[in-house]
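Visitor: need coordinates for the following:
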Amino acid sequence: MRNNLTTSDIFDVNRKTGGLILGKNRLDDYASKYLSRVCREALTTPMPLPVEQILADEHLTVEEVFLSKNLDIFGCCLLLDGEVQVYDKGTGSMKPQNYPAGTILIDPDYAERYGVGAKRNTLIHEALHWEKDKRYFEILQIKNRSASEKLYPIMCRQSETYYEPSAGKNTKENEVRWLEWQAHRLAPRVLMPHDMFKKKALEIIEHPADNDASPLSCDVLIERLSAFFLVSRSSAKYRLIEIGLETVIAQFGDYADVYAEILESKDYQPLSPIEAFSLASEDSLLSVWISSGSFIYADGYFVLANPKFVTFKAGVPQLTTTAKKNLQRCVLNIREQRFADYTYACKDFEGLCYLYKADAKAQDVDKRIYLFNPKLQTNIKELDPDEAYAAAFNSIPAYDEDEENQLLGMLGMPNKSLCQCLWFLMENRHWTAPSTFTEYTGLHANYHGKIRNDTYNNMGTDVLMAVCIGMKLRLCLIESIFDKSQNKLNRFQDPDKTYYRILERFPGVSMNDFNGMLKAAKLPELGTKEKVS
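Guide: Predicted coordinates for the structure are as follows:
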């Protein structure tokens with residue numbers, strides 16, 4: 001018997017709490033134990049696990065409900081009768097709903113976006129909670145009902161897929177996070193049992209022509225394993241490494257391409273304003289993450305809008321020293337990785353948000369992409385919930401409150417014109433020279449004189465917006481200025497809709513970058529060099 005056992009070798013149950021204690025080295029042992037009860041055949045014959053039959057045998061029922069706005073929460077299993085917060089798409093809010101024990105909830109949008117493999121993984125993930133964690137919550141409910149209500153039910157999040165709780169933190173919250181850690185790591189091991197997955201992989205490698213005319217490659221191997229076991233390609237990729245076949249698959253010529261996400265990736269990469277806008281515009285899910293978590297763009301990152309992490313200087317948001325030293329705690333993780341066009345590459349990015357890197361000098365040789373993956377947002381959860389999700393734009397002080405108060409007062413005076421209000425701001429910025437005005441707004445110098453002389457109160461939306469952007473005004477002030485004018489912004493119709501999107505996420509953006517974002521959105525740019533009569 002080994003005498004150098006560590007916590008990674010533990011496979012036990014806490015007699016006081018009923019919670020499973022499971023080390024990294026015993027995950028496959030537990031998966032085998034579970035399968036020996038629910039589907040012994042899967043331990044002796046390579047096969048796609050009959051997930052639906054297992055759920056039926058366990059008397060578990062599945063219901064589809066929306067669990068979060070940004071698809072972070074993908075599933076939940078009711079181990080006891082209880083209440084779950086579900087997302088109401090009609091109102092855009094969460095509302096409580098009661099379900100009986102033995103109900104598995106799965107978000108239909110999550111399943112549709114990420115495919116059948118992700119859905120099957122979710123169902124087994126929740127079935128494992130029913131198997132291993134039901135007793136824990138029954139005991140907790142008896143001993144400490146208030147703690148039980150706070151910690152239950154476990155809402156399974158994408159952003160906790162790779163999260164590993166602290167080993168030395170003895171709290172109920174940490175105990176529950178370990179139960180979730182177990183489920184995340186056990187589900188793929190149940191769907192792809194160690195010995196049978198390895199047997200099938202070696203069978204394909206040793207007899208590549210069987211039932212497949214495609215030349216065998218790393219890409220094709222993963223595709224065939226994914227299709228056979230009905231799992232995601234990502235799960236199959238990682239499982240090949242876990243079962244000890246990395247040196248074997250590394251012999252394939254396309255190994256480096258297919259495993260670029262592991263071998264050639266860099267996390268927490270800064271984006272230019274235009275790249276950040278384009279990435280967010282490519283996919284609605286990233287947009288929802290940005291808005292629901294109150295993130296704004298600063299110094300190349302989408303950072304939580306909290307004074308602890310972002311400050312304004314001359315109207316431009318910048319990361320604080322605390323944020324720069326703790327990027328993982330406060331910014332969305334945008335990964336940069338190499339990208340190669342192999343046969344099933346599109347499947348590896350199914351459901352993910354990515355953008356080709358525009359400034360790579362050798363795109364034909366070394367294509368690189370920026371990637372947003374909810375599973376990579378692990379450390380945001382280290383923040384206190386109030387700090388992370390109650391953060392709001394109005395919690396950040398304006399760069400010049402005195403100026404804003406004076407401006408708002410002037411805007412409310414019937415005897416003050418639009419031009420007079422703008423000239424007040426222009427004087428504060430020392431835009432007394434027409435050339436300075438043009439430099440910041442992109443507008444012809446003649447507009448400067450028309451505003452100074454109070455003769456252009458009927459200016460159009462394009463000109464007024466260019467002036468506001470050049471002065472780096474906050475969105476709330478821009479709206480107040482437009483209310484003073486004859487122009488009305490329509491938040492739900494372009495180009496105003498895109499103006500709003502840019503101003504909300506990129507406060508203090510320069511005119512040049514603002515126009516770059518408009519160009520990316522295929523909308524007319526602001527500013528003109530044409531002479532104005």
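Visitor: which helix runs longest in the chain?
Guide: If you go by DSSP state H, the chain has its longest helix at helix 172-191.
Visitor: please report how far the spatially most central residue of the chain lies from residue 491.
Guide: By CA atoms, centre = their mean, the chain has its centre lying nearest to residue 374, at 3.6 Å. Going from residue 374 to residue 491 by CB to CB, to the nearest Å gives 27 Å. No exception for glycine: its C-beta is placed from N, CA and C like everyone else's.
Visitor: in the stretch 101-250 of the chain, which spans are strands?
Guide: 103-106, 155-157 (DSSP state E, counting those that start in this stretch).
Visitor: mind putting the ones you listed in CSV, mean pLDDT included?
Guide: As requested, the strands of the stretch 101-250 of the chain are exported to CSV (pLDDT from 0 to 100):
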stretch, mean pLDDT
strand 103-106, 97
strand 155-157, 92
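Visitor: can you say which of those strands is packed in most?
Guide: Greatest average neighbour count among the strands of the stretch 101-250 of the chain goes to strand 103-106 (a mean of 24), per mean count of other CB atoms under 10 Å.
Visitor: which strands and helices sit next to that one?
Guide: strand 61-64, strand 73-77, helix 116-132 (3 or more CB pairs under 8 Å, 6 or more residues apart in numbering; DSSP states H and E).
Visitor: tell me which strands it pairs with, and in which orientation.
Guide: Strand pairing for strand 103-106, determined by DSSP bridges: strand 61-64 (parallel), strand 73-77 (antiparallel).
Visitor: hmm, who's touching the last one?
Guide: This points to strand 73-77. For strand 73-77, contacts defined as CB atoms under 8 Å, 6 or more residues apart in numbering pick out 60, 67, 84, 103-107, 110, 118, 122-123, 125-127, 129-130, 153-158.
Visitor: still on that earlier bit, which parts of the longest helix of the chain are buried?
Guide: Buried residues in helix 172-191, counted by 16 or more other CB atoms under 10 Å: 175-191.
Visitor: could you tell me how many residues sit around the closest residue to residue 64 other than its chain neighbours?
Guide: What sits nearest to residue 64 in space, not counting adjacent residues and going by CB to CB, 6 or more residues apart in numbering, is residue 108, at 4.2 Å. Look at residue 108: counted by other CB atoms under 10 Å, it has 13 neighbours.
Visitor: check the one 5 residues further on too.
Guide: By other CB under 10 Å, 15 other residues sit near residue 113.
Visitor: isn't it right next to residue 349, touching?
Guide: No. Here residue 113 lies out of contact with residue 349, judged by CB atoms under 8 Å, at a distance of 11.9 Å.
Visitor: next SSE downstream of the element among helices and strands of the chain having the smallest mean pLDDT?
Guide: Lowest mean confidence among the helices and strands of the chain (mean pLDDT, DSSP states H and E): helix 385-389, at a mean of 39. Next helix or strand after helix 385-389 toward the C-terminus (DSSP states H and E): helix 401-411.
Visitor: let me know the next secondary structure element after that next one.
Guide: Next in line after helix 401-411, if elements are assigned by DSSP H and E, sits helix 418-428.
Visitor: among the strands paired with strand 103-106, show me which one is buried the most.
Guide: Of those, strand 73-77 is the most buried (mean count of other CB under 10 Å), at a mean of 26.
Visitor: then that one to PDB, C-alphas only?
Guide: The C-alpha coordinates for strand 73-77 follow below in PDB (Å, rounded to 0.1, in the frame of the first residue of the first chain):
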ATOM      1  CA  ILE A  73     -26.400  29.000 -15.500                       C
ATOM      2  CA  PHE A  74     -27.100  26.000 -17.600                       C
ATOM      3  CA  GLY A  75     -28.700  23.500 -15.200                       C
ATOM      4  CA  CYS A  76     -30.000  22.700 -11.800                       C
ATOM      5  CA  CYS A  77     -31.200  19.600 -10.000                       C
END
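Visitor: distance check, residue 431 against residue 449.
Guide: Relative to residue 449, and taking CB to CB, residue 431 is found at 12 Å.
Visitor: the more surrounded of the two?
Guide: Between residue 431 and residue 449, counting by other CB under 10 Å, residue 431 is the more crowded of the two (24 against 13).
Visitor: surely the more buried one and residue 439 touch.
Guide: No. Look at residue 431 against residue 439 with CB under 8 Å: they stay out of range, at 9.0 Å.
Visitor: what residues sit buried inside stretch 239-256?
Guide: 239-240, 242-243, 245, 249, 252, 254-255.
Visitor: could I get those as TSV with pLDDT and distance to residue 44?
Guide: Below are these laid out as TSV (pLDDT from 0 to 100; distance: CB to CB, whole Å):
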residue	pLDDT	distance to residue 44
239	97	18
240	97	21
242	96	20
243	96	17
245	97	20
249	97	25
252	96	29
254	95	32
255	96	30
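Visitor: so can I have JSON lines of the strands of the stretch 101-250 of the chain showing distance to residue 135?
Guide: Shown next, in JSON lines, are the strands of the stretch 101-250 of the chain (distance: least, CB to CB, whole Å):
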{"stretch": "strand 103-106", "distance to residue 135": "18"}
{"stretch": "strand 155-157", "distance to residue 135": "19"}
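Visitor: returning to what we had before: reformat the helices and strands packed on strand 103-106 as TSV; add distance to residue 30 and mean pLDDT.
Guide: As requested, the helices and strands packed on strand 103-106 are exported to TSV (distance: least, CB to CB, whole Å; pLDDT from 0 to 100):
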stretch	distance to residue 30	mean pLDDT
strand 61-64	23	97
strand 73-77	17	94
helix 116-132	8	97
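Visitor: for residue 480, which of those is the nearest?
Guide: strand 73-77 (37.3 Å; CB to CB).
Visitor: got the angle for the closest one vs helix 116-132?
Guide: Strand 73-77 and helix 116-132 are oriented at 40 degrees to each other (axes from the mean of the first three to the mean of the last three CA atoms, to 10 degrees).
Visitor: I'd like the distance from the helix or strand following strand 73-77 to the chain centre, please.
Guide: For strand 73-77, the following helix or strand on the C-terminal side (DSSP H and E) is strand 82-88. Centroid separation between strand 82-88 and its chain, computed with CA atoms, centre = their mean, to the nearest Å, is 21 Å.
Visitor: in strand 82-88, which residues are buried?
Guide: 82, 84, 86-87.
Visitor: what do you get for stretch 107-123?
Guide: 107, 109-111, 114-115, 117-123.
Visitor: ends of that stretch, what's the gap?
Guide: Separation of the first and last residues of stretch 107-123 by CA to CA, to the nearest Å is 11 Å.
Visitor: what's in contact with that stretch?
Guide: 49, 51-52, 55, 62, 64-68, 71, 73-75, 104, 106, 156, 187-188, 191, 226, 230-233, 235, 285, 350-351.
Visitor: let's see that with 7 Å instead.
Guide: Residues outside stretch 107-123 that contact it (CB atoms under 7 Å, 6 or more residues apart in numbering) are 51, 55, 62, 64, 66-67, 71, 73-75, 104, 106, 187-188, 191, 226, 230-232, 235, 350-351.
Visitor: same question for stretch 419-435.
Guide: The list of residues contacting stretch 419-435 from outside it, by CB under 7 Å, 6+ apart, reads 403, 407, 410-411, 437, 445, 448-449, 451-452, 454, 456-457, 467, 471, 481, 484.
Visitor: could you redo the last one with a cut-off of 8 Å?
Guide: Outside of stretch 419-435, the residues within contact range by CB under 8 Å, 6+ apart are 400, 403, 406-407, 410-411, 436-437, 440, 445-446, 448-457, 467, 471, 473, 481, 484.
Visitor: do stretch 252-272 as well
Guide: So stretch 252-272 is in contact with 216-219, 221-222, 237, 249, 279, 299-301, 327-328, 331, 333-340, 342, 348, 370-371, 376, 513, going by CB under 8 Å, 6+ apart.
Visitor: residue 35 and residue 114, how far apart?
Guide: According to CB to CB, residue 35 and residue 114 sit 24 Å apart.
Visitor: measure stretch 331-339 end to end?
Guide: End-to-end span of stretch 331-339 (CA to CA): 24 Å.
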